[in-house]
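Undergrad: Structural data only, the sequence is not supplied:
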């Protein structure tokens, strides 16, 4: 009786898991499609897939996070900021450090280095081991210092002659070129980091899947062994009864 009850519970759990997977099938497929487009650098297609998913399943913070990542690549910085905040406002969202780091990146691209530094600091509070956030924090601090120096320089040169204005313009062009190179290097580093994280996630998911399969096999084996033992006991009991009564069936 106990064995039958256990088997029934296993079947109910399996059915519940299967039903949940069916309900989320379209969400998973669309999300994978968006990730594939993102990896191919087809960021407009990627953003559309993540957007449709986030609209249909607004309660899932990971979808807003993915959409924000694609929007950054498309230059939709304000929209990306809103989606990062939607993800962070959901208590179920786990990767808060990464989202705060990416929100800092948005502010960095907007040259709002003060708020970029704040977001990088919050990312480090969530996860002190976030090396990228630490690097970006230091870079944003340098950029803010440089920005302040530029502002002071601009104020000092306010009443200068045309020659000084031309020199100033040249310096700004050089700074813009330097900023562009730094941003390109930063984006390349982000791509490598995202690729590494995806590989680690896939590896963890595969290990978890194998562990679940192994646990299920062990449980089934134990149930079969117990049922076999009970059948043996029943046979022995019937044999004893037949011996006592002298009857055979």
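TA: Yes, it's here. Everything quoted here is computed from the prediction, not taken from an experiment. Residues are numbered from 1 along each chain as shown.
Undergrad: could you pull out the strands for this protein?
TA: Secondary structure of the chain by DSSP state E: no strands are present.
Undergrad: any idea which helix is longest in it?
TA: Among the elements of type helix in the chain, defined by DSSP state H, the one spanning the most residues is helix 162-245.
Undergrad: now that one, how far from the chain's geometric center?
TA: In terms of CA atoms, centre = their mean, to the nearest Å, the gap separating the centre of helix 162-245 from the centre of its chain is 11 Å.
Undergrad: per-domain residue ranges of the chain.
TA: When the chain is parsed into structural domains using automatic domain parsing, the resulting residue ranges are 23-94, 97-155.
Undergrad: Including mean pLDDT, could these go into TSV?
TA: Below are the domains of the chain laid out as TSV (pLDDT from 0 to 100):
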stretch	mean pLDDT
domain 23-94	90
domain 97-155	95
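Undergrad: Let me see the contact set for the closest residue to residue 114 other than its chain neighbours.
TA: Sequence neighbours aside, residue 144 is the residue nearest to residue 114 in space, at 6.2 Å (criterion: CB to CB, 6 or more residues apart in numbering). Every residue, glycine included, has its C-beta placed from N, CA and C. Going by CB atoms under 8 Å, 6 or more residues apart in numbering, residue 144 touches 113-114, 117.
Undergrad: Let me have those in a markdown table, extended by neighbour count and distance to residue 64.
TA: Output for these, formatted as a markdown table (neighbours: other CB atoms under 10 Å; distance: CB to CB, whole Å):
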| residue | neighbour count | distance to residue 64 |
| --- | --- | --- |
| 113 | 21 | 25 |
| 114 | 11 | 25 |
| 117 | 21 | 24 |
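Undergrad: Looking at those residues, which is nearest residue 179?
TA: When these are ranked by distance to residue 179 (CB to CB), residue 113 comes first, at 11.3 Å.
Undergrad: mind checking how far the closest one is from residue 41?
TA: Here the criterion is CB to CB, to the nearest Å. By it, residue 113 lies 27 Å from residue 41.
Undergrad: okay if I get the domains of the chain as a markdown table plus distance to residue 185?
TA: Supplementary listing: the domains of the chain in a markdown table, determined by distance: least, CB to CB, whole Å:
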| stretch | distance to residue 185 |
| --- | --- |
| domain 23-94 | 16 |
| domain 97-155 | 10 |
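Undergrad: so which of the ones you listed gets nearest residue 207?
TA: It's domain 23-94; of those, that one is closest to residue 207 (CB to CB) at 18.1 Å.
Undergrad: one step back: just name the closest of the contacts of residue 144 to residue 131, please.
TA: The closest of these to residue 131 turns out to be residue 117 (CB to CB; 16.5 Å).
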